[in-house]
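Q: Build me a structure from this.
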Amino acid sequence: MANVRRIEALADCIGFLNDVHNPESLAYQLRNPGLCRAYSFKQLNAVDKNGYRIFTSLIGGYRFLVQDLEWKCSGQTRAKGETGKLKPTSSLTDILKSFRMTNIEFLMQAVKYLNDALQTEEVTATTELKFFLEGE
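A: Modelled structure (predicted):
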């Protein structure tokens, strides 16, 4: 079995889909691998003109993304997917939608990426979010 935490593999996947290691990408320039937006007045001093959070380092942006994913996968946010508010029984498709990744290509790339990263074949479009919290 892989030595990669499932929630970190999901964060890596979101960063990959946002092209975070391409210096010309928005995710790279903002140091924000999830292209997370500001939803609190406390966050408003570090946002771009489109509401994306700006982090001082890629590590800071990555840490926030992992925390955000833990909250979303456990149903602790107002984030919505295909079937309404995200909860542990929501699917991979749902969480990708919450990151505005609705294209089928994103889903296909995410399934392949996650299965490769976790050295498994059990991740599908319908994998429940609680899967990414298990084994932590």
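Q: list the helices and strands the longest helix seen in the chain packs on?
A: Assignment by DSSP state H gives helix 58-73 as the longest helix of the chain. Helices and strands touching helix 58-73, by 3 or more Cβ pairs under 8 Å, 6 or more residues apart in numbering; DSSP states H and E, are helix 6-17, helix 92-98. All C-beta spots, glycine's among them, are computed from the backbone N, C-alpha and C.
Q: quick one, it and helix 6-17 angle?
A: When axes from the mean of the first three to the mean of the last three Cα atoms, to 10 degrees is applied, the directions of helix 58-73 and helix 6-17 differ by 120 degrees.
Q: mind listing what's buried in helix 58-73?
A: For helix 58-73, the neighbour count (16 or more other Cβ atoms under 10 Å) marks 58, 61-62, 64-66, 68-70, 72-73 as buried.
Q: coming back round to it: nearest to residue 79, of the helices and strands packed on helix 58-73?
A: Residue 79 lies closest to helix 92-98 among those, at 4.3 Å (Cβ to Cβ).
Q: Just after that closest one, pick out the following helix or strand.
A: Note on helix 92-98: by DSSP states H and E, the next helix or strand toward the C-terminus is helix 104-117.
Q: buried ones in that following helix?
A: For helix 104-117, by 16+ other Cβ under 10 Å, it's 106-107, 109-111, 113-115, 117.
Q: what's the closest of the buried residues of helix 58-73 to residue 17?
A: Comparing those against residue 17 with Cβ to Cβ places residue 65 closest, at 11.8 Å.
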